[in-house]
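Sequence plus predicted model, see below.
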Amino acid sequence: MTTASKTAILTEHASRYLQQLCKHFAHKRPVTFDEQAGEISFSVGDCRLKADGSALHIDLTAPGVEEMEQLKDVVIRHLVRFAFREELAVDWQDA
């Protein structure tokens, strides 16, 4: 049973954060990205990112609930580190 979750984080720096996340994980994980979209494959699931002028959209898929919680944690923990100058509101919508 695959689980899915998504969020849209309001920020004017969506493209910058998308690129920082992808560059960071590219040293360890399979990653593809450009300024508007990216995908990171983790051992516990997949992360798809899209940036527009007002938000960073994150879509996650994982094989189970435990893996999803790990995936959410690692993605947001790193994002918060890169976005230390602003407070990001993250509201996950589980499918």
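Perfect, I can see it now. Numbering: from 1, shown residues only.

what about residue 24, neighbour count?
Taking other C-beta atoms under 10 Å as the criterion, the count of residues near residue 24 is 16. Every C-beta, even on glycine, is put in place using the N, C-alpha and C of the backbone.

what are the phi and psi values for the closest residue to it other than its chain neighbours?
Sequence neighbours aside, residue 78 is the residue nearest to residue 24 in space, at 6.3 Å (criterion: C-beta to C-beta, 6 or more residues apart in numbering). The phi and psi values for residue 78, taken as degrees, to the nearest 10, are phi -70, psi -40.

Surely residue 78 touches residue 28?
No: using C-beta atoms under 8 Å, residue 78 makes no contact with residue 28, being 11.6 Å away.

Settle it for me: which of the two has more neighbours?
A count of neighbours by other C-beta under 10 Å puts residue 78 above the other of residue 78 and residue 28, at 15 against 10.

Which stretches in the protein count as strands?
Using DSSP state E, the strands of the chain run over 3-10, 31-33, 37-42, 45-51, 55-62, 93-94.

if we can go back for a sec, how close does the residue nearest to residue 24 get to residue 7?
According to C-beta to C-beta, to the nearest Å, residue 78 and residue 7 sit 14 Å apart.

Residue 49 too?
Counting by C-beta to C-beta, the gap from residue 49 to residue 7 is 11 Å.

what touches both of the two?
When contacts are counted by C-beta atoms under 8 Å, 6 or more residues apart in numbering, residue 49 and residue 7 are jointly contacted by 57-58.

So which of those two has more stuff around it?
The neighbour comparison of residue 49 against residue 7 (other C-beta under 10 Å) goes to residue 49, with 24 against 19.
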